[in-house]
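Engineer: generate a structure from the sequence data that follows.
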Amino acid sequence: MSDRVSILIRSSARAELADALTCLVAQTHRNLDVVVVNVTGRPHPPLPAPAAQLAVNFVDSERQLPRPQAANAAIEAATGDYALFLDDDDVLEPEHVALCLAAARSHPGTIPFSGAQTCDEGELHTIWPALGFGRLEIMEKIRMLICAPLLPRSVLAEGFRFDSDLPIFEDWDFWIRLSQRMRFRPLANNTAVCRLGIGNSGTGVGANFDLERTTRESRPFHDKWEGERLALVAEFEQLGVDADTAVANSDWKRAEDLSWQAQELKIWDAPTLTRLSRIFEAKGDRERSRRFAKAAERARMMAPVPLSLDALTRLYAHLREGNALAMAGEPARAEAEFKVALMLRERDQTALNGLANLRIAQGRFAEAESYLQQATMGGGRIYPPLMLKRGGLLERLGRRKEARAIYRHLVNLVPRYAAARGRLQALDAIEAATS
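Structural biologist: Predicted structure coming up:
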């Protein structure tokens, strides 16, 4: 089969557009319809050279287009059987379209979405494995990046569009509404690559992160969904109460039915998963009980306590001060700031990394490794730089087998991750030389 896939690009005429088009030239699935929408309101410079190797439909409205309107203009111009958004500062691994398309063919009526890599200043920053989500979960936290899902043309042909009243989070809103019509299917590959430090949305990392602006501009999004979110929270909590009552009465069938209903709202809820583990233990199905117990533990690690805006502001202030003091050569005061940050958010990666760096400077490698182990345990995201640093410490401590396991895990997640592959090759050379 040769399904045509429309790649929808909102272009701000950034230099990075050349990278986005280059990654499309490299796609293993070649039947692409590339839509480039000029959002600037100014004459767009000539498209970069890779465009000559692609079937490009250039859309110029001759006026500045906000994010939702630009996305809708791209949808209107799309002609493919499927559509995939690609911001002009992001890229895709060569297999991305082919893998998503294979999943769409195998599971019609669903929306496949990959995991993602986020980069800052050219370095791999985080990995976001694709995780399934329930109707409440998608309202509580965004579970994918915009270039991760592959959309069937059929749903777009029905007039499904972005909400033009949202300054930001228009993609999050789009996914919520789409998830109410079709099921999203997570994939094992992490082939979408977002460079979150580039751009000016304020929702990225580094220079592209502005907490106050994001809070202000996200109010229309939160106002739109708060009523429905609260109703689903109440429904979810009542299901939990009723299911627990059924367990207390040893009514295992009712408890299981209610727990599955709760899972439709939240897949990664530790109490629900623990209850399902207990239910299957009572039914004598120890294998499923074990799997649910393991999933419950993962859910606990993925669910940090949400912080208020005031708490987040204080957290970031302590982290900034800690980093500044560490750079200024005041380790004791820096450590105090990082520990206050950890009181605000347990297992905060930046604080734990800061403490690890202080211990490394003091030659206390075992303590540094312990901090990094904590930093890489929690949440639904993976932090390759911290894992590599921990692997290096494990090597220094003579624990090469553990270091190798870390590097292999990273290569499994991102096969082209050169830093992890290099560390594996170095360990192979050491073993060959000492065997």
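Engineer: buried set for stretch 228-246?
Structural biologist: 229, 232, 235-236, 239-240, 242-243, 246 (16 or more other Cβ atoms under 10 Å). Every C-beta, even on glycine, is put in place using the N, C-alpha and C of the backbone.
Engineer: ugh, wrong one, stretch 93-107
Structural biologist: For stretch 93-107, the neighbour count (16+ other Cβ under 10 Å) marks 93-97, 99-104 as buried.
Engineer: ok now it, how far from the chain's centre?
Structural biologist: Centroid separation between stretch 93-107 and its chain, computed with Cα atoms, centre = their mean, to the nearest Å, is 18 Å.
Engineer: so for that stretch, mean pLDDT?
Structural biologist: The average pLDDT within stretch 93-107 is 97.
Engineer: contacts for it, please.
Structural biologist: By Cβ atoms under 8 Å, 6 or more residues apart in numbering, the surrounding residues in contact with stretch 93-107 are 1, 3, 5, 7, 23, 26-29, 32, 82, 84, 110-114, 149-150, 152, 185, 187, 189, 191-193, 416.
Engineer: now the helices for the stretch 201-350 of the chain?
Structural biologist: All helices of the stretch 201-350 of the chain, identified by DSSP state H, counting those that start in this stretch, fall at 211-217, 219-248, 252-265, 270-282, 286-302, 309-327, 331-344, 349-361.
Engineer: return the most buried member of these.
Structural biologist: Of all the helices of the stretch 201-350 of the chain, helix 349-361 has the most neighbours on average by mean count of other Cβ atoms under 10 Å, namely a mean of 22.
Engineer: what's the angle from it to helix 331-344?
Structural biologist: 150 degrees (axes from the mean of the first three to the mean of the last three Cα atoms, to 10 degrees).
Engineer: what's the following helix or strand after helix 349-361?
Structural biologist: helix 365-375 (DSSP states H and E).
Engineer: burial of Trp268, as a residue count?
Structural biologist: Residues contacting Trp268 under the criterion other Cβ atoms under 10 Å number 23.
Engineer: who's in contact with the closest residue to it other than its chain neighbours?
Structural biologist: Among residues not flanking Trp268 along the chain, Ala299 sits closest, at 4.4 Å (Cβ to Cβ, 6 or more residues apart in numbering). By Cβ under 8 Å, 6+ apart, Ala299 lies in contact with 268-270, 273.
Engineer: could you double-check that Leu124 lies in contact with Arg416?
Structural biologist: No. Judged on Cβ atoms under 8 Å, Leu124 makes no contact with Arg416 at a distance of 9.8 Å.
Engineer: more neighbours, the two?
Structural biologist: Leu124 (23 against 12).
Engineer: okay then, goodbye and thanks.
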